[in-house]
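**Student:** model this:
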Amino acid sequence: MSADALQDDQWARQRVLLEEGNRVLRASSALVVGCGGLGAGAIPALVASGVGRVVLLDDDVVELSNLNRQTLFTHADLGALKVERVVARMRELSPESRIEGEVRRLTAQDAEFVQGFDVVLDCTDKVASRTAISTSCREAGVPWIWSAIDGWQGVLSVFVPGGPQWEDASAMREELPAPPQILGATPAMLGAWQAAEAVKLLTGQGRPLVGRIAVVDLLAGTVREMPLVARGA
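**Tutor:** Prediction:
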């Protein structure tokens, strides 16, 4: 490819970095559940990486209290369906990709639906949603990427068939009585990291966070790793 052609190539700056992985990404599909704070970090990074098909699920509307962290929206979007606004913006970012959206939540009975994807990103903030994602992905045999945020802190891990699962990583089984306080930079960072883990899984590069949990503390400026072992192993 000539220098002039590279300048016109949207993925020129990762062409050498990912090599054959660029072609793999164009043939891959990803499901992102949630278009909120984590989604604002994950979705643009995932789409911009060149994944050929990205489907977004969300049934919420934009509220004023979202705007400190859900940076895909502006005041002009208040009251609008999140998924519709994000789909429109991601189609502008990558016209060559198939960007689709559905106004709904994933359920534990959605294993057949999930089977149509190569990877799932959990960008939700509810225990019920994560339980449904874990169940459907496990039944479908599809890997998924989890993150959770609280204030300045966040956690991240990757769950694959046959390995430790979300139920091994999180003891939380009840919803919080009130929404947590969240610094906008925290889900932005963890969401982008989710996208990077998806690229690693899809292209077979690097060392995905399988059997490990990354614990990020932006206030302390630290990232530490915890091993994750399946219960009873």
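**Student:** gap between residue 137 and residue 52?
**Tutor:** According to Cβ to Cβ, to the nearest Å, residue 137 and residue 52 sit 20 Å apart. Where C-beta positions appear, they are placed from N, C-alpha and C, glycine not excepted.
**Student:** check residue 78 too.
**Tutor:** When residue 78 is compared with residue 52 (using Cβ to Cβ), they lie 32 Å apart.
**Student:** and residue 162, how many neighbours?
**Tutor:** As a burial measure, residue 162 scores 9 neighbours (other Cβ atoms under 10 Å).
**Student:** if I've got this straight, it is in a strand?
**Tutor:** No: Residue 162: not assigned to a strand; according to DSSP: H, G, I helix; E, B strand; the rest coil it is coil.
**Student:** quick one: it from residue 170, how far?
**Tutor:** 19 Å.
**Student:** swap in residue 213?
**Tutor:** Computed as Cβ to Cβ, the residue 213 to residue 170 distance reads 9 Å.
**Student:** if we can go back for a sec, between residue 78 and residue 52, which one's more packed in?
**Tutor:** Per other Cβ under 10 Å, whichever of residue 78 and residue 52 has more neighbours is residue 52, with 17 against 13.
**Student:** the more buried one touches residue 25, doesn't it?
**Tutor:** Yes: Residue 52 lies in contact with residue 25 (Cβ atoms under 8 Å); the separation is 6.8 Å.
**Student:** and the next helix or strand past the longest helix belonging to the chain?
**Tutor:** Looking across the chain with DSSP state H, the single longest helix is helix 185-203. Per DSSP states H and E, the first helix or strand lying C-terminal to helix 185-203 is strand 212-217.
**Student:** buried sites along the helix or strand following that next one?
**Tutor:** Note on strand 212-217: by DSSP H and E, the next helix or strand toward the C-terminus is strand 222-227. Buried residues in strand 222-227, counted by 16 or more other Cβ atoms under 10 Å: none are found.
**Student:** wait, isn't residue 206 in contact with residue 200?
**Tutor:** Yes: using Cβ under 8 Å as the test, residue 206 is close enough to residue 200 to be in contact (4.4 Å).
**Student:** more neighbours: the two, which one.
**Tutor:** For residue 206 versus residue 200, neighbours defined as other Cβ under 10 Å are more numerous around residue 200 (19 against 11).
**Student:** spit out the contact partners of the more buried one.
**Tutor:** 206, 207, 208 (Cβ atoms under 8 Å, 6 or more residues apart in numbering).
**Student:** roughly how far apart are the second one and residue 28?
**Tutor:** Looking back up the chat, that one is residue 207. From residue 207 to residue 28 the distance is 19 Å (Cβ to Cβ).
**Student:** just say helix, strand or coil for the spatially most central residue of the chain.
**Tutor:** Per Cα atoms, centre = their mean, the C-alpha nearest to the average position across the chain is that of residue 121, at 3.5 Å. Three-state call for residue 121 (three-state DSSP): strand.
**Student:** ok, it touching residue 46?
**Tutor:** Yes: Residue 121 lies in contact with residue 46 (Cβ under 8 Å); the separation is 7.1 Å.
**Student:** with that, I have no additional questions.
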